[in-house]
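> Structure for this input, please:
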Amino acid sequence: MLEIADNGRTWLLSGPASGYAVHLTEDDELLHLHWGPRITLADAEALAVRPLPDYWPFESTLDGREEYPVEGGPRFVRPALSVRTDERRGTEWRFETYEGEGDHLRLRFRDGGLAITLHYRMRQDVVERWVTLDNDGPALELLRADPATWTLPDREGWRLSQLHGRWAAESRLTASPLTYGEKVIGSRRGHTGHQHLPWVALDTDATEERGEVYGCALGWSGSWRIAVAQLPDARVQITGGAGYDDSGLLRLEAGESYTSPVFAGLWSDGGFGGASRAWHAYQRAYVIPDADRDRPVLFNSWEATEFDISEEQQGTLARRAAAIGVELFVVDDGWFGKRVSDRAGLGDWTPNPDRFPNGLKPLADYVHALGMQFGIWVEPEMINPDSDLYRAHPDWVQFQPGRKRTEFRNQLVLNLAREDVQEYLWERLDALLSSAPIDYVKWDFNRCFTDAGWPDEPYPQRLWVDHVHALYALLDRLRAAHPDVAFESCSGGGGRIDLGIMSRTDQVWTSDNTDPLDRLAIQHGFSQIHPARVMAAWVTDSPNTQLNGRVSSLRFRFVSAMAGVLGVGGDLTQWTEEELAEAQEWVTLYKGIRPLVQHGDLYRLRPPTGGLSAVQYVRGDEAVVLAWLQAQSYGEPVPALRLRGLDPAASYECLETGEVHGGAVLLHHGLRTGLRGDLDAAIFRLRRI
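Sure thing, here's the model as predicted:
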């Protein structure tokens, strides 16, 4: 809901539990008033008349109070907007007008020929902010055009939470006291990156279920930066957007415009768990395509076959997958071009004639006849030097003239900012999806930008932004032309996960690390911001030969993966009949609890820090608990779990034991005791009676 003061200079956006208010002074200075619990418009107007502090000239009265700091004038904080022309640098803007429609507020400013529009939209309790820039004057360069700066209330002892990691160890949650100065996270790699998810949260004393939490998440799938600053007067601001540094985003000629990504903010007084549930509900309602649909149980052939694939072999795996209840069969890398290793074939998106002599349609038809959907793996933004495409168009890659073309995984990055590259990929992928009944595409991105050059382009820096815009446009175009095809975002695991790519894909590959114990920490961090509905997780072989050699039971592997979108990635031809029968039971159980896991409210009962960890999903009158025993001393009792999210006045039936429990009782569960160093797991379903 949007409310506007009678003077047209104070605006209040209200969600179910929170409010956000800004005010424009008579000097056209846009000030931040409030972000937190719901307030009235009268409250906001009272905040607007508070005088600014009277500082000595060594400090600015605007710093830490201005809603969207631009470069130039009486400011010293990091600017959200930095503009350069041939004559000058900086912005001296004046307010023009505002527009309010529904829950969408637009504040329009102007600096010469540049029109600057700040956008606000309240969805549930998430505030979406972005900026549009329209140039009708001389050409100018955008060095930074961040969608937002967020201002926190005056508090002592702020603590910063973030998600860090690396390949195969993504989304690790860490928290530390916020100190004076700036904390900067981001990616200069051309994609979101394994090293940080574009999310931060700040609190002073919050627990999992109590206390105020402020969170911000950026929807951008290229290089990015978020800076959290504690200013000299202890005030805290968060600024972030596309681009890691200030070397330049775009050059805007007369008549051109730029729209920033969305930077979303959320206030919650329900602790980190309440904040997570609010983020999840927002994404299911407004971000994820077809979020009300269940994601199917899939089988992916990669770990079973790697590059050594054939139509007959895939058919054998498909029969076994169908027998255990799999709903989607995916052929991974190796089906196209001369792709017998990672040295060749990327860019040549036609089936390998030796492996699939009649194309993919016979296999896809066979998979459909078995009662499953059919999917494939692609990596469209990449190219091998050993490919027909590269031999025909060596100039289509990112490169610096006169420099060696760096290869990672024997591949280069296509310059997707080029219109001819965009059109080639559209034609090849559209033809591919039209050639066979394909239901699902795993879209991978297995190397970072290094030689991000564009010879003969007047403003080559723009490829960093234009590549992402072209990726979005290509996905949008493919989804429109093939509306029944689902897409998964993958980047060597969790290297491209953000609200931007999530608005165009149906699920994401969380990590290449499929070890079920390692996955608990990865999934714990992922759940701070993103819902289980998009979190793909596989059951693979034991020992885990891909990473650590750890041995784990099929039970532990399945319960770990069932906390998200369940998949199977082991070599089913090597599984025993007993293992296949057990797998079928787990898949059947998952289908029964899938609506709760993929669409329910998440409660993290115990974190994966050793010993017992557990999560709970609640939807309506039903709940499910997934618990993992990671370590235990001999004879040590397994601690009980206090359930959450249930009606404390009601009784619930635990379907596994037939016992009846009150809504807030401790659940004593059936994990084995008296073991040393053994991994165990359990699932409990509860229903209100």
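
> any idea which helix is longest in the protein?
The helix that spans the most residues within the chain, counting by DSSP state H, is helix 577-599.

> I'd like to check what contacts that one. Which residues are they?
Outside helix 577-599, the residues within contact range by CB atoms under 8 Å, 6 or more residues apart in numbering are 284, 292, 294-295, 297, 320, 323-326, 531-533, 539, 554-555, 558, 562-566, 568, 572, 575, 617-619, 622-624, 683, 685. In short, each C-beta sits where N, CA and C put it, glycine included.

> redo that, cut-off 6 Å
Applying CB atoms under 6 Å, 6 or more residues apart in numbering, the contact partners of helix 577-599 are 294, 297, 324-325, 532-533, 554, 558, 562, 566, 617, 619, 622, 624.

> okay, those in TSV with pLDDT and neighbour count next?
Listed next are these as TSV, based on pLDDT from 0 to 100; neighbours: other CB atoms under 10 Å:
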residue	pLDDT	neighbour count
Asp294	98	15
Val297	98	24
Ile324	98	21
Gly325	98	20
Ala532	98	24
Arg533	98	23
Leu554	95	20
Phe558	96	23
Met562	98	24
Leu566	98	28
Tyr617	98	22
Arg619	97	16
Glu622	95	18
Val624	95	25
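
> Out of those residues, which sit inside helices?
Those of the contacts of helix 577-599 lying in helices (DSSP H): Leu554, Phe558.

> Show the contacting residues for Ala48.
Contacts for Ala48 (CB under 6 Å, 6+ apart) come out as Thr10, His23.

> Over to the closest residue to Arg428 other than its chain neighbours. Which of the three states is it?
Spatial nearest neighbour of Arg428, chain neighbours left out: Trp349 (4.5 Å); criterion: CB to CB, 6 or more residues apart in numbering. Of the three states, Trp349 takes coil under DSSP: H, G, I helix; E, B strand; the rest coil.

> Report the two of the contacts of helix 577-599 separated the most.
Using CB to CB, the two most remote members of these are Leu554 and Arg619, lying 26.7 Å apart.

> And the helices in the protein, which stretches?
With DSSP H as the criterion, the chain has helices spanning 41-48, 271-286, 302-305, 311-323, 361-369, 388-392, 419-435, 463-481, 499-502, 516-526, 554-561, 577-599.

> Pipe those helices into JSON lines and attach distance to Thr406 per row.
Shown next, in JSON lines, are the helices of the chain (distance: least, CB to CB, whole Å):
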{"stretch": "helix 41-48", "distance to Thr406": "53"}
{"stretch": "helix 271-286", "distance to Thr406": "36"}
{"stretch": "helix 302-305", "distance to Thr406": "25"}
{"stretch": "helix 311-323", "distance to Thr406": "34"}
{"stretch": "helix 361-369", "distance to Thr406": "36"}
{"stretch": "helix 388-392", "distance to Thr406": "15"}
{"stretch": "helix 419-435", "distance to Thr406": "19"}
{"stretch": "helix 463-481", "distance to Thr406": "16"}
{"stretch": "helix 499-502", "distance to Thr406": "24"}
{"stretch": "helix 516-526", "distance to Thr406": "29"}
{"stretch": "helix 554-561", "distance to Thr406": "36"}
{"stretch": "helix 577-599", "distance to Thr406": "40"}
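
> Indicate which one of those helices is closest to Arg251.
Nearest to Arg251, of all those, is helix 463-481, at 10.7 Å by CB to CB.

> Against Leu133, how distant is Thr259?
Taking CB to CB, to the nearest Å as the measure, Thr259 falls 8 Å from Leu133.

> Show me which of the two is the more surrounded one.
Leu133 (20 against 15; other CB atoms under 10 Å).

> isn't the more buried one right next to Tyr258, touching?
Yes: at 4.7 Å, Leu133 counts as touching Tyr258 under the criterion of CB atoms under 6 Å.

> give me the number of residues near the residue nearest to Arg403 when sequence neighbours are not counted?
Once flanking residues are discounted, Arg403 sits nearest to Asp451: 6.3 Å by CB to CB, 6+ apart. As a burial measure, Asp451 scores 16 neighbours (other CB under 10 Å).

> what does Leu605 give?
19.

> Pretty sure it sits against Leu641.
Yes: if you go by CB under 6 Å, Leu605 and Leu641 touch, sitting 5.2 Å apart.

> joint contacts of these two?
With CB under 6 Å, 6+ apart as the test, Leu605 and Leu641 both reach Ala614.

> how far out from the middle of the chain is the longest helix of the chain?
In this view, helix 577-599 has its centroid 26 Å away from the chain centroid, taken as CA atoms, centre = their mean, to the nearest Å.

> Please apply the same query to stretch 531-543.
Relative to its chain's centre, stretch 531-543 lies at 16 Å (CA atoms, centre = their mean).

> follow-up on the earlier one: then the longest helix of the chain to CSV, C-alphas only?
Taking C-alpha atoms only, helix 577-599 is exported to CSV below (Å, rounded to 0.1, in the frame of the first residue of the first chain):
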residue,chain,number,x,y,z
GLU,A,577,18.5,-54.9,-6.3
GLU,A,578,18.2,-54.1,-2.6
GLU,A,579,19.5,-50.6,-3.1
LEU,A,580,17.1,-50.0,-6.0
ALA,A,581,14.2,-51.3,-3.9
GLU,A,582,15.2,-49.0,-1.1
ALA,A,583,15.6,-46.0,-3.5
GLN,A,584,12.1,-46.6,-4.8
GLU,A,585,10.7,-46.4,-1.2
TRP,A,586,12.5,-43.1,-0.6
VAL,A,587,11.3,-41.7,-3.9
THR,A,588,7.7,-42.7,-3.1
LEU,A,589,8.1,-41.1,0.4
TYR,A,590,9.5,-37.9,-1.1
LYS,A,591,6.5,-37.6,-3.5
GLY,A,592,4.2,-37.7,-0.4
ILE,A,593,6.1,-34.9,1.4
ARG,A,594,7.0,-32.9,-1.7
PRO,A,595,4.2,-30.3,-1.3
LEU,A,596,5.4,-29.6,2.2
VAL,A,597,9.1,-29.3,1.3
GLN,A,598,8.7,-27.3,-1.9
HIS,A,599,5.8,-25.0,-0.9
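
> any idea of the mean pLDDT in it?
Mean pLDDT, computed over helix 577-599, is 97.

> in this structure, which segments are predicted with low confidence?
Scanning the chain for pLDDT under 70 picks out 55-56, 632-636, 656-678.

> picking up where we left off before, let me have the contacts of helix 577-599 in CSV, extended by distance to Pro138.
Output for the contacts of helix 577-599, formatted as CSV (distance: CB to CB, whole Å):
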residue, distance to Pro138
Asp294, 54
Val297, 57
Ile324, 65
Gly325, 64
Ala532, 50
Arg533, 47
Leu554, 67
Phe558, 62
Met562, 59
Leu566, 56
Tyr617, 56
Arg619, 56
Glu622, 62
Val624, 61
